[in-house]
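[1] Just a sequence and a predicted model for now, questions to come.
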Amino acid sequence: MSYVEVPGAQVPIRMWADPAAVDEGAMRQLRNTATLPWIKGLAVMPDVHYGKGATVGSVIAMHGAVCPAAVGVDIGCGMSAVKTSLTANDLPGDLSRLRSKIEEAIPVGRAMHDGAVDPSRLHGFATAGWDDFWGRFGGVADAVKFRQERAVKQMGTLGSGNHFWEFCLDSDDSVWIMLHSGSRNIGKELADFHIGEAQKLPHNQGLVDRDLAVFIADTPQMAAYRNDLFWAQEYAKYNRAIMMALSQDVVRREFKKAGVTFGEVISCHHNYVSEERYDGMDLLVTRKGAIRAGSGDYGIIPGSMGTGSYIVKGLGNPASFNSASHGAGRRMSRNAAKRAFTTRDLEEQTRGVECRKDSGVVDEIPAAYKPIEKVIDQQRDLVEVVAKLKQIVCVKG
């Protein structure tokens, strides 16, 4: 589908979703966002749903301003995926051992490494810039510096919620590794701090929604936020890269006889800010629950833990600010899912997938998410499908 335009106070709201099917809370957030004086464009992805502070599935382009809540508290959250030389014929009938080995190598939930992961010991990990990255930690907000030890130990960890690691098969029965995570606790600490700082500023006192508080260009507060934001986005990218390297080491050991090789890793943020230029204007583009889909850009759009995911290539549609959805998107809240479904429902909906099937992940049940096929179909003018993946192992926190 092409987009539907809904009137907004400052800019029209371009929607790659049926406005009538979007819950009122999310529509209210979008209308509030469109009132911001600095906004130059607002695009809404088909996986749109109500979010904390700002709508998930929104792409906000502003001139001379940025809204930290429109990035989200998991700064730099995103996806990585790689195709392996393995095929379905190389796999054992029981994949529980592989799942256990991945859970041993990559801490999940609240767990973390005992100490810093040494990237020089990881096969194929690019260490250029690593020392400089950690050296710049001294320049982030003083309010979070006491978290450095935790940030070091959480580098290369999955987390919980909708974060996951998966072994997948494509339509040719080739095996892929895919994972989803972000900047862990240090990203949340930085986001919470700067959202609070923005809400104190005088120019934000008259906003229709205090959660949409912004930083203005050429101010100390904006400079501080940009510094911490881009550091956290880099943390998230390194976090996924280390997990991918750890994953590949496990797979090499577990399938030693197959002599496994790996393709080029695809990686994309879906909670982040990017400096981009449209119609001759330099803009700060915030994607919260959206990926960049410029012409030829590879991206990853995951479904739920039982339905599969898509590798896509961007078509470069400027109407969406070169963006596409970040996943299927929730159709019900976590609490609603826990009330509506049981572990038996989870077992049924994840049949054939080696994964947790206990009460701790019922809120991630496939039925709590929108159908991924419909989400893909609604953005055929934003991306083309390169591969469809179906998970056979899913690790969650």
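    On my side now, so go ahead.

[2] in its sheet, what does the longest strand seen in the chain sit against?
    As assigned by DSSP state E, the longest strand anywhere in the chain is strand 383-396. Strand 383-396 sits in its sheet next to strand 164-169 (antiparallel), strand 309-314 (antiparallel), strand 354-355 (parallel), going by DSSP bridges.

[3] can I get the CA coordinates of it in CSV?
    Extracted C-alpha coordinates of strand 383-396, given in CSV (Å, rounded to 0.1, in the frame of the first residue of the first chain):
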residue,chain,number,x,y,z
VAL,A,383,11.1,-2.4,1.0
GLU,A,384,11.5,-5.5,-1.2
VAL,A,385,11.8,-8.9,0.4
VAL,A,386,15.1,-10.6,0.1
ALA,A,387,14.5,-13.7,2.2
LYS,A,388,11.9,-15.1,4.5
LEU,A,389,13.2,-16.8,7.6
LYS,A,390,11.5,-19.3,10.0
GLN,A,391,13.0,-19.8,13.4
ILE,A,392,13.8,-23.3,14.7
VAL,A,393,15.6,-22.2,17.8
CYS,A,394,14.6,-19.1,19.9
VAL,A,395,16.5,-17.9,23.0
LYS,A,396,14.8,-15.4,25.2
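
[4] Name the residues of it that come out as buried.
    Buried residues in strand 383-396, counting neighbours by 16 or more other C-beta atoms under 10 Å, are found at 383, 387-396. No exception for glycine: its C-beta is placed from N, CA and C like everyone else's.

[5] if we can go back for a sec, deepest-packed of the strands paired with strand 383-396, please.
    For these, the largest average neighbour count (mean count of other C-beta atoms under 10 Å) is found in strand 164-169, namely a mean of 24.

[6] Near residue 345, how many residues? Count them for me, please.
    With neighbours defined by other C-beta atoms under 10 Å, the count for residue 345 comes to 16.

[7] With adjacent residues omitted, what lies nearest to it?
    For residue 345, ignoring the flanking residues on the chain, the nearest one in space by C-beta to C-beta, 6 or more residues apart in numbering is residue 365 at 6.3 Å.

[8] what's the spacing between the one you found and residue 16?
    Using C-beta to C-beta, to the nearest Å, residue 365 is found at 25 Å from residue 16.

[9] So between the two, which is more surrounded?
    Between residue 365 and residue 16, residue 16 has the larger neighbour count (other C-beta under 10 Å), namely 28 against 25.
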